[in-house]
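Chemist: Mind looking at a prediction? Sequence and model below.
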Amino acid sequence: MNARFLKPVALAAAMLASGGAHAQSSVTLYGLLDLGLNHYKPGSASGGASVWRLNDGVVNGLNGSRWGIRVSEDLGGGLKANAVAESGLNADTGALGQGGLAFGRQVFVGLSQASLGELRLGRQYILSDSVMGMTNPYGNASVANPGTASTNVGRNLPFWLNAPRANNVIQLATPNLGGFVGTLQVAPGEGTADRFHGVRAGYGAGAFNIAASYEWNESRATGADTNKSLTVGANYNFGVLKLLGGIQMNTDLALGAGNGAFIGSNLIVTGPGGSFTADEINGYTLGVQVPVGQLTLGANYTGVKYENAAGSNATLGKAAVMGWYALSKSTFLYSGLSFSTGDLKDHISENRVFQLGLRMAW
């Protein structure tokens, strides 16, 4: 055979062999179970009664129970293909979480390269969720989570807005540029929900971390922007303790907007002065975390104000203390107590909450 023909054939074969060598996959099966015993004492005007409940960790625990599969494939040249399929479950009943979705926590596929950034496609956490997590000494599902809703005279009332996920998300993230990372999200409404948009900028260097996100819906009916939400969070670790804090400002709130932002069914606020419908919710949180060997202690306070254009307003606050003890790297005992303050404290079912729980991850 012609030697000049054999050379390019051999080169092509070598390239294919090289590509095959790079295409190595890793598959990780992981999970977490969190169950807590909770006692709820309602406010005097809430219409409820004290009750004990065994809840999955998604309700006041450290983490919501889950299992998932994480896949990464080396495509060569630093390029990787990534996928995650994560299912939530209610460990107290065995039922699927997130409204019964098979992979309700997150499911996405993407590409990443250290010098270029990352692309993800699928159901994902919205950007404010990670910003809110920076402000909380306990994690985003504890008694002191700013994103935990209250029950106001039988109606679900948001504290800080926290969806915390959106469907059909296209996410682009920059590479880490000296501690700075920027992220963009957009989710088409697909004709049945409002379009969702989100941007996030974050910086981390050693003991200091700060981030901000801005998210909004675009009404499919009018084209107007609604559910505008600015979230800012920061923390600094001094070694002997960590200080945490943040703010959230939400304006032009609207019901039934669909994807990614406010997707609850209630903005009616009932307090000592009667009821009104809020179109603005603004809040802040301050906290501290103190490690003591295997024990970690924490405390925080979160306050919000509900308002509308007619001048009606009401306040709600929550003070919390909590501790968790590491039995191992993956198993924790935890306990916490929260008290409500503000105008609405006597009108919510969670006026005082006590919890005692166990969390195990693998």
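Modeler: That came through, no problem.
Chemist: can we go C-alpha only for contacts and neighbour counts from here?
Modeler: OK.
Chemist: Okay, now the unreliable bits of the stretch 1-150 of the chain?
Modeler: Under the criterion pLDDT under 70, the flagged ranges of the stretch 1-150 of the chain are 1-23.
Chemist: How far does stretch 76-87 sit from its chain's centre?
Modeler: On the basis of C-alpha atoms, centre = their mean, to the nearest Å, stretch 76-87 sits 21 Å off its chain's mean C-alpha point.
Chemist: likewise stretch 301-321?
Modeler: For stretch 301-321, the distance to the chain centre is 21 Å (C-alpha atoms, centre = their mean).
Chemist: For that stretch, which residues meet the burial criterion?
Modeler: The neighbour-count check on stretch 301-321 (16 or more other C-alpha atoms under 10 Å) flags 301-308, 313-321 as buried.
Chemist: in the helix or strand where Ser25 lies, what counts as buried?
Modeler: Using DSSP states H and E, Ser25 sits in strand 24-41. In terms of neighbour count (16+ other C-alpha under 10 Å), strand 24-41 has its buried residues at 32-41.
Chemist: out of the residues you listed, who's nearest Arg195?
Modeler: Taking C-alpha to C-alpha as the measure, Arg195 lies nearest Leu32 of those, at 32.3 Å.
Chemist: from what I can see that closest one touches Trp67, true?
Modeler: Yes: in this structure, Leu32 is within contact of Trp67 by C-alpha atoms under 8 Å, at 6.3 Å.
Chemist: which residues in this protein form helices?
Modeler: Ranges of helices in the chain, per DSSP state H, are 3-22, 127-133.
Chemist: Closest one to Gly117 out of the buried residues of strand 24-41, please.
Modeler: Leu32 (28.4 Å).
Chemist: Reformat the buried residues of strand 24-41 into JSON lines and put distance to Leu127 next to each item.
Modeler: Output for the buried residues of strand 24-41, formatted as JSON lines (distance: C-alpha to C-alpha, whole Å):
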{"residue": "Leu32", "distance to Leu127": "22"}
{"residue": "Leu33", "distance to Leu127": "25"}
{"residue": "Asp34", "distance to Leu127": "24"}
{"residue": "Leu35", "distance to Leu127": "27"}
{"residue": "Gly36", "distance to Leu127": "27"}
{"residue": "Leu37", "distance to Leu127": "30"}
{"residue": "Asn38", "distance to Leu127": "29"}
{"residue": "His39", "distance to Leu127": "32"}
{"residue": "Tyr40", "distance to Leu127": "31"}
{"residue": "Lys41", "distance to Leu127": "33"}
